[in-house]
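Undergrad: Provided below for reference: sequence and predicted model.
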Amino acid sequence: MAQLTVITVGSLKEGYLREAVAEYKKRLSQYARVDEVELKEERINNEDNRAEIEGALSREADKILSALPKDALKIALCVEGKQHTSEELARIIGDGCDRGGKIALVIGSSYGLSEKVKRECDVRLSFSKLTFPHQLMRVVLFEAMYRSFTILHGKRYHK
């Protein structure tokens, strides 16, 4: 059975988002063990100060890197990442399962991810050219992981 580790910066505040994630985690449990690692988002006092933002991203990166399983396929969700079809993403997840079964996915804070984290990851993934709230992106990610596993197991959900 695969091991998924989803590392996120920030917490889910809305009950309906927590319920959606819980539903997809339950569905995923037939295919993978799922660990969620929620890290605290660094406080930024002046959102116009790029140096302050970079400092916060760097501190978040240190926490993310310490939580990343060393022997996993590491996937960073980022705007400059490559977009894939559901079948292509399933192949990436399948490759991760084949090379040891550990897959780690990282969602950064509302300011994104530090380059330190992106360099450490094997795959840079984008779900869209659109910008989504990072809390909603967590739901989308869990749905995509469930869809990937149904594709890998020949189930009809993804049709």
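TA: Noted; the coordinates are in hand. Numbers count the residues shown, from 1 in each chain.

Undergrad: Burial check on residue 48, number of neighbours?
TA: 7 (other Cβ atoms under 10 Å). Placement of C-beta: from N, CA and C, glycine included.

Undergrad: any idea of the mean pLDDT in the longest strand anywhere in the chain?
TA: For the chain, the strand with the greatest residue count under DSSP state E is strand 73-82. Mean pLDDT, strand 73-82: 96.

Undergrad: Which stretches in this protein count as helices?
TA: Secondary structure of the chain (DSSP state H): helices located at 15-28, 50-67, 86-98, 115-120, 134-152.

Undergrad: for the closest residue to residue 33 other than its chain neighbours, what are its contacts?
TA: Excluding the flanking residues, the one nearest residue 33 by Cβ to Cβ, 6 or more residues apart in numbering is residue 3, at 5.1 Å. Residues in contact with residue 3 (Cβ atoms under 8 Å, 6 or more residues apart in numbering) are 32, 33, 35, 69, 72, 101, 102, 103.
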